[in-house]
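return atomic coordinates for the entry below.
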Amino acid sequence: MSGARDTRMDPYTSFNFIVEIEGIITAGFSEISGLQVETELEEFREGGVNNHVHRLPKLTKYGNLTLKHGITDQDTLWNWYKDVINGKVRRTNITIFLHDIAGKTVMHWEFTNAYPVKWTGPELKADSNTVAFETLEIAHDGLA
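Below you'll find the model as predicted:
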């Protein structure tokens, strides 16, 4: 006979991306965008060389992460953003884990000095039976 303890209820099982902040799993997301790094180039023409333009690297920029369709049973992400709203920007490193269908980690990305810059709450619809999700946008200083 199986009891209630035999069944583990994990709210993140159907979400392929898990976000960890300071070693604590805070939420699961079904979509993440903004994994982007771009290095600006400066073109330099050398005198006497007419068939070639030197392209030199300049500033490297990192796009904001956008975490979509999230679910959590904690208020960690909201409280983190609420601190930003109140002028207390707490930069921290975050890790995003990609899970396979069995829930096993297959890849991860670590971002440094991250902090939330935009939060979008769920759409509330009385005629819908879908689960409410949110979107969180996070600025960071790059990959670790």
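
what about Cys141, which SS state?
No, residue 141 isn't Cys; it's Asp. Put simply, Asp141 is coil when judged by DSSP: H, G, I helix; E, B strand; the rest coil.

adjacent strands (with direction) for the helix or strand of the chain with the lowest mean pLDDT?
Of all helical and strand segments in the chain, the minimum by mean pLDDT, DSSP states H and E falls on strand 24-33, at a mean of 84. Applying DSSP bridges, strand 24-33 is found paired with strand 17-21 (antiparallel), strand 65-71 (antiparallel).

in its sheet, which strands sit next to the helix or strand just after that strand, and in what direction?
Per DSSP states H and E, the first helix or strand lying C-terminal to strand 24-33 is strand 37-44. If you go by DSSP bridges, strand 37-44 pairs up with strand 54-62 (antiparallel).

in the protein, which segments are predicted with low confidence?
Applying pLDDT under 70 to the chain flags residues 1-15, 124-133.

angle of the helix or strand where Ile138 lies against strand 65-71?
Element membership for Ile138, per DSSP H and E: strand 135-139. Comparing the axes of strand 135-139 and strand 65-71 via axes from the mean of the first three to the mean of the last three C-alpha atoms, to 10 degrees yields an angle of 150 degrees.

what's strand 135-139 in contact with?
Contact with strand 135-139 is made by 34, 64-70, 77, 81, 94, 111, 114-120, as judged by C-beta atoms under 8 Å, 6 or more residues apart in numbering. In short, each C-beta sits where N, CA and C put it, glycine included.

and that strand, what's buried?
Thr135, Leu136, Glu137, Ile138, Ala139 (16 or more other C-beta atoms under 10 Å).
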